[in-house]
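3D, please:
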Amino acid sequence: MKATIILDKRRERKDSKYPIALRIFNKSYLFLGTGYYGTDSTFKDGAFTKKESNFKLKNIALSDILNQVEKLFISINGPITDKRLRDLINKEILNKEHREIPETVERYFVDYLDEFISRKQKEGTKTVYTTTRNKIYKYDPKATFDTIDKKWLESFEMWMAKSGMKINAYAIHLRNIRSVFNYAIDNEYTTLYPFRKFKIKKEETRKRSLSVEQLRVLKDYPCEEYQVRYRDMFMLMFYLIGVNAADLFLAKPEAIDNGRFEYKRAKTGKLYSIKVEPEAMEIIDRYKGGNYLLNIMDEYKDYKNFLHRMGIALKDIGKVERVGRGGKKAREPLFKDLSSYWSRHTWATIAASIDIPKETISEALGHSIGSEVTSIYIKFDHKKVDEANRKVIDHVFKHDSNC
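Numbers count the residues shown, from 1 in each chain. Model prediction:
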């Protein structure tokens, strides 16, 4: 634990002064008002300057506060919650006679959200919550637990909808707000919970997976020549359990080790090890690269450019005819919404349909097993995932003589 005295410039008063706050770091930063106020010219480096009236006496008072806090730290045995620490300091120290104006510096909702984000370990999770924070700050930077009620949530929801966001997109931000409320209740920051009366809307997403029959058709469909490698990359992703495009296209040759595709997920940093089945190896060998596992990055500086072209090509696979004097192509796409991401959904959907356990599917897709804590201690058997992938492939192509 560490304590300092600062000029809290987050909150400017009408007289252009800022609170002199006691800043404490325990599990996160706590800000407690000392009852004094100052400006850049009257308060510097943790003390009042000569420009402040009675600056010597005020500095003695601030020093006394700091000394008492340090003594309190020494007397505390073991960990202590932020809530408990704040209450102790307010009761034992800041309510002493020398405190001119008892006041706790108000924290806005985004301040608690910052604290919540700081405790997350996964960069992807931090990014999602930071996006929510920025939305709230743009809409209502001074929102608090008290002001965020059912009416506020409805208004915020409407504001996001008017900005062009889809239901499921802004539902993410509302769920994130709910998570922060749950966190705040657990840490005794608030007892309020507006989600008892407010229901988060959800829109059914469009189908994003192929059926077994459709996948068989796609695999052997007589594509146009330029579409073949895009279709092959889709199939490779499927054979590798819906591997992310960035992780596949940026993989180095050494990612194949002892018959397994081993890599660290770019999004989460999690290590993966997938057994390379013969169907996958055949495609890898055909598109073997130089500096990379696949030759995609030998042609493209940015894999996203290839992925963009892949998305267009996959959607165009299907019957095509030349019509008119200019011979313009008329298409009848097989799967007009098909994208690389469908490989992941398709694998999971088929796996579930043949009764592969949810735990195995979750592990195969890289989802946490149970809570964040319990998943750390579970060493999931790779053999289960290997067997599941083989079962999925066999189920789809069991009548395929080429497999």
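
going forward, measure contacts and count neighbours with C-alpha atoms only.
Noted.

For this protein, which segments count as strands?
Assignment of strands within the chain using DSSP state E yields the ranges 2-7, 18-25, 29-38, 43-44, 47-48, 256-257, 260-264, 271-275, 318-323, 328-333.

list the contacts for the residue nearest to residue 393 when sequence neighbours are not counted?
Closest residue in space to residue 393, ignoring its immediate chain neighbours: residue 239 at 7.2 Å, by CA to CA, 6 or more residues apart in numbering. With contact set as CA atoms under 8 Å, 6 or more residues apart in numbering, residue 239 has these partners: 276, 277, 279, 280, 389, 393.

filter the residues you listed to the buried ones?
Buried members of the contacts of residue 239, counted by 16 or more other CA atoms under 10 Å: 276, 277, 280, 389, 393.

closest to residue 76 among those?
Within the buried ones among the contacts of residue 239, the smallest distance to residue 76 is 53.6 Å, found for residue 389 (CA to CA).

Wait, the closest one touches residue 241, no?
Yes - the pair formed by residue 389 and residue 241 meets the contact definition of CA atoms under 8 Å, at 7.0 Å.

about what we covered before: want to throw the contacts of residue 239 into TSV with pLDDT and distance to residue 26?
Compiled in TSV, these are given as follows (pLDDT from 0 to 100; distance: CA to CA, whole Å):
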residue	pLDDT	distance to residue 26
276	96	47
277	96	50
279	96	54
280	96	51
389	96	46
393	96	52
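
and which of those residues is nearest to residue 160?
Proximity to residue 160 was ranked across these by CA to CA; first place goes to residue 389, at 40.4 Å.

so how far is residue 265 from that closest one?
In this structure, residue 389 lies at 19 Å from residue 265, with CA to CA, to the nearest Å as the measure.

Repeat that for residue 220.
Applying CA to CA, one obtains 30 Å for the distance of residue 220 from residue 265.

same deal with residue 166?
The separation that residue 166 has from residue 265, given CA to CA, amounts to 28 Å.

about what we covered before: nearest to residue 232, of the strands of the chain?
The nearest among the strands of the chain, by CA to CA, is strand 318-323 at 15.0 Å.

Can you dump the C-alpha atoms of that closest one in CSV for me?
Output in CSV follows, covering the C-alpha atoms of strand 318-323 (Å, rounded to 0.1, in the frame of the first residue of the first chain):
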residue,chain,number,x,y,z
GLY,A,318,-21.7,-21.3,-57.3
LYS,A,319,-23.2,-21.5,-60.7
VAL,A,320,-22.0,-18.8,-63.1
GLU,A,321,-23.0,-18.0,-66.6
ARG,A,322,-21.9,-15.5,-69.2
VAL,A,323,-24.9,-13.4,-70.3
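
what's the offset of it from the middle of its chain?
Strand 318-323 has its C-alpha centroid displaced from the chain centroid by 42 Å (CA atoms, centre = their mean, to the nearest Å).
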